[in-house]
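> Turn this into a model:
(2 chains)
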Amino acid sequence: SAVISQKPSRDICQRGTSLTIQCQVDSQVTMMFWYRQQPGQSLTLIATANQGSEATYESGFVIDKFPISRPNLTFSTLTVSNMSPEDSSIYLCSVRGDRGGEQYFGPGTRLTVT
Amino acid sequence: GEDVEQSLFLSVREGDSSVINCTYTDSSSTYLYWYKQEPGAGLQLLTYIFSNMDMKQDQRLTVLLNKKDKHLSLRIADTQTGDSAIYFCAGNQAGTALIFGKGTTLSVSS
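Numbering: from 1, shown residues only, chains lettered A, B, ... in the order given. This next block holds a predicted model:
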């Protein structure tokens, strides 16, 4: 299995500021994903981040708002830009395991925007 | 695209079996998953099943897959209070990202 850590675990931010969330994996993985879980809701995919290429964003999410970096096979960052209270959510990093079927999630970053 | 549906709540007594159901629309899903989320925590992968399997058992967990009806279920035997959590069903679409159901809140009373 893959062990995933995220920083920060939680943060309270002011409207209009930006926050960068880091995701570190204990092994090299090709596919890395960023999800959002709004309060009391299910998970929604923001983007897929593969090393060496631009992130692919889902409908409703744009690079200017959620820029992503993937500098190597064990690390990625997601930035939430120009935040508003509607961005208050849990942001989760996810990776696909070596055996193809397994997919693991980090502990999440709980973001509150005031 | 894929749509995954689950019932929202299930309440059981400690020691009973719990069955959480899920239906999905995309028959091309390669894998189907069950995740557990406890309050304030991330998602824990409980188990997953390859789409050409009918059943998978792992200790107290049994997954049944009916491809014809596009129905997935998770049975938890001898349910304990520690099993109280939200359970998410998910399928992968075209081998890429997961599509999640809204989650079933399992409440276990002693």
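> how about residue 51, what does it touch?
In the absence of a named chain, chain A is used. Residues near A:Gln51 by CB atoms under 8 Å, 6 or more residues apart in numbering or on different chains: A:30, A:32, A:70-73. For glycine as for every other residue, the C-beta is placed from the backbone atoms N, C-alpha and C.
> The chain in question should be chain B.
When contacts are taken as CB under 8 Å, 6+ apart, B:Ser51 is in contact with B:29-32, B:65, B:67.
> One more: B:Asp69?
Per CB under 8 Å, 6+ apart, neighbours of B:Asp69: B:Thr23.
> and it, what helix or strand is that in?
Per DSSP states H and E, B:Asp69 falls between elements, in no helix or strand.
> Let's see if you can find the most crowded of the contacts of B:Ser51.
Within those, B:Leu32 tops the neighbour count with 26 neighbours, counted by other CB atoms under 10 Å in any protein chain shown.
> Name the SS class of that residue, please.
Under DSSP: H, G, I helix; E, B strand; the rest coil, B:Leu32 falls in the strand class.
> follow-up on the earlier one: can you pick out the most distant pair from the contacts of A:Gln51?
A:Thr30 and A:Pro71 (14.2 Å; CB to CB).
> For residue 52, grab the count of nearby residues.
Defaulting to chain A. 9.
> looking at chain B here, not the other one
If you count neighbours by other CB under 10 Å, B:Asn52 ends up with 8.
> Name the spans of chain B whose pLDDT lies under the cut-off.
B:1, B:93-95 (pLDDT under 70).
> Kindly report the residues of it close to chain A.
Neighbours of chain A within chain B, by CB under 8 Å from any CB of the partner chain: B:30-31, B:33, B:35, B:41-45, B:48, B:50, B:88, B:92, B:96-103.
> Is it possible to mark the buried ones in the contacts of A:Gln51?
A:32, A:70, A:73 (16 or more other CB atoms under 10 Å in any protein chain shown).
> Please produce JSON lines containing those, extended by distance to A:Ser42 and pLDDT.
JSON lines is the format used below for the buried ones among the contacts of A:Gln51 (distance: CB to CB, whole Å; pLDDT from 0 to 100):
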{"residue": "A:Met32", "distance to A:Ser42": "20", "pLDDT": "92"}
{"residue": "A:Arg70", "distance to A:Ser42": "25", "pLDDT": "94"}
{"residue": "A:Leu73", "distance to A:Ser42": "28", "pLDDT": "92"}
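> Let me know the closest of those residues to chain B.
Using CB to the nearest CB, A:Met32 comes nearest to chain B of the buried ones among the contacts of A:Gln51, at 10.5 Å.
> which SSE is that closest one in?
strand A:31-37.
> is any part of that strand close to chain B?
Yes: Strand A:31-37 reaches chain B (CB under 8 Å from any CB) through A:31, A:33.
> Please list all residues in contact with A:Ile46.
A:33-36, A:57-58, A:61, A:66, A:78, A:91.
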